[in-house]
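Peer 1: My questions concern the predicted model and sequence given below.
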Amino acid sequence: MINATIEARMTSSRLPGKVLMKAGGLPLLEILIRRLSQSKYVQNIIVATTTNAQDDPIIEFCAQKGISSYRGSEQNVLERVWGAASQYDTDTLVQITGDCPLIDYRLADEAIELFLANYPESRIVSNTGPEISMPWGFDVQVYKASELKNILESNPTADDKEHVSHRFYLPDNKDLYNPLHIKYKGVLNRPELRVTLDYEEDYLLIRQIVEDFGIENVEKYTAEEIIGWLDRHPRERDVVVNKHNEKSNAS
């Protein structure tokens, strides 16, 4: 099965409760799932949350909406994502994070198609990571779920446990995994832009985008159309870009 996992929790240090904040009356997690569910290939979407009692609202939301869910370690995200994937008989895994409520299923489908066409020569296809060429917030990674089991059984590092796909991109592992990075051209080639959910400013921007396009169209508008919206609203766009640049420079 080709399944997608969404890593989601309520205890974000930067913006607690962010995945269930609302835009146009819908929780951002529901918007993400509605958009991703348009995929031609993804057979099941699994919300991978934690055993922390603060994440009970995520489980309740999933139960109310009939969405698959899994509870695992809060600190060991690698173990949590593998647990979610294995519980639902996942062969090919589409890894998404709850930070990407405006995910474009078309980009996910492109990544899946490239993975299916290039595996096993390339054992992961990604549009994110060190060679990102698109706006942050449309992040997709595709690989065999069994890769996570292999990492768990081979002395995972702290970085492996926190970042899940960290090992795939290490220079020493290039020949092993041969990552295929999607390089976008034209309208999508805008890595300076952000529609990812980290800070209050991000939430306000994403909420405005959702409400401007209309909740009735929440599954429909494309990454290109979102970029067009950002270019028509430079003040709102630049508040978010400047916030992230400020935090990056401070770290």
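Peer 2: That came in fine, so what should we check first? Predicted, not measured: the structure shown is a model, and the values here were computed from it. Numbers count the residues shown, from 1 in each chain.
Peer 1: buried residues in the longest helix along the chain?
Peer 2: Longest helix of the chain, by residue count under DSSP state H: helix 234-250. Going by neighbour count (16 or more other C-beta atoms under 10 Å), the buried part of helix 234-250 is R237, V240, V241, K243, H244. Placement of C-beta: from N, CA and C, glycine included.
Peer 1: can you give me the helices for the stretch 1-150 of the chain?
Peer 2: 28-36, 56-65, 77-87, 105-118, 146-152 (DSSP state H, counting those that start in this stretch).
Peer 1: okay, those helices in CSV with distance to T11 next?
Peer 2: CSV is the format used below for the helices of the stretch 1-150 of the chain (distance: least, C-beta to C-beta, whole Å):
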stretch, distance to T11
helix 28-36, 15
helix 56-65, 11
helix 77-87, 13
helix 105-118, 26
helix 146-152, 22
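Peer 1: Report the separation between S126 and P179.
Peer 2: 6 Å (C-beta to C-beta, to the nearest Å).
Peer 1: Go ahead and confirm I182 touches A111.
Peer 2: Yes. I182 is within contact range of A111, at 6.4 Å (criterion: C-beta atoms under 8 Å).
Peer 1: Of the two, give the one with the bigger neighbour count.
Peer 2: Taking other C-beta atoms under 10 Å, I182 and A111 do not tie; A111 has more neighbours (23 against 18).
Peer 1: who touches both of I182 and A111?
Peer 2: Counting by C-beta atoms under 8 Å, 6 or more residues apart in numbering, the shared contacts of I182 and A111 are V125, S126, N127.
Peer 1: okay, the residues you listed in a markdown table with distance to L36 and neighbour count next?
Peer 2: What follows is the shared contacts of I182 and A111, written out as a markdown table (distance: C-beta to C-beta, whole Å; neighbours: other C-beta atoms under 10 Å):
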| residue | distance to L36 | neighbour count |
| --- | --- | --- |
| V125 | 16 | 24 |
| S126 | 16 | 25 |
| N127 | 14 | 24 |
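Peer 1: mind listing which of these are in strands?
Peer 2: Of the shared contacts of I182 and A111, the ones assigned to strands by DSSP state E are V125, S126.
Peer 1: which of the shared contacts of I182 and A111 lies closest to L26?
Peer 2: Relative to L26, the closest of the shared contacts of I182 and A111 is N127; by C-beta to C-beta it sits at 25.1 Å.
Peer 1: Starting from V187, give me the distance back to the closest one.
Peer 2: Per C-beta to C-beta, N127 is found 14 Å from V187.
Peer 1: okay, and the common contacts of S126 and P179?
Peer 2: By C-beta under 8 Å, 6+ apart, S126 and P179 have these common neighbours: F168.
Peer 1: Below-threshold pLDDT in the stretch 151-251 of the chain: ranges please.
Peer 2: 250-251 (pLDDT under 70).
Peer 1: all strands for it, in order.
Peer 2: Along the stretch 151-251 of the chain, counting by DSSP state E, counting those that start in this stretch, strands occupy 180-181.
Peer 1: can you give me the helices for it?
Peer 2: Going by DSSP H, counting those that start in this stretch, the stretch 151-251 of the chain shows helices at 158-163, 174-177, 200-213, 223-232, 234-250.
Peer 1: right, and those helices - which one's nearest I103?
Peer 2: Short answer: helix 223-232, nearest of those by C-beta to C-beta, at 8.8 Å.
Peer 1: Show me what counts as buried in the closest one.
Peer 2: Buried positions in helix 223-232, judged by neighbour count with 16+ other C-beta under 10 Å: A223, I226, I227, W229, L230.
Peer 1: Determine the number of other residues adjacent to the residue lying closest to T222 once chain neighbours are set aside.
Peer 2: Leaving aside its sequence neighbours, T222 sits nearest to D104 (C-beta to C-beta, 6 or more residues apart in numbering; 5.8 Å). By other C-beta under 10 Å, 23 other residues sit near D104.
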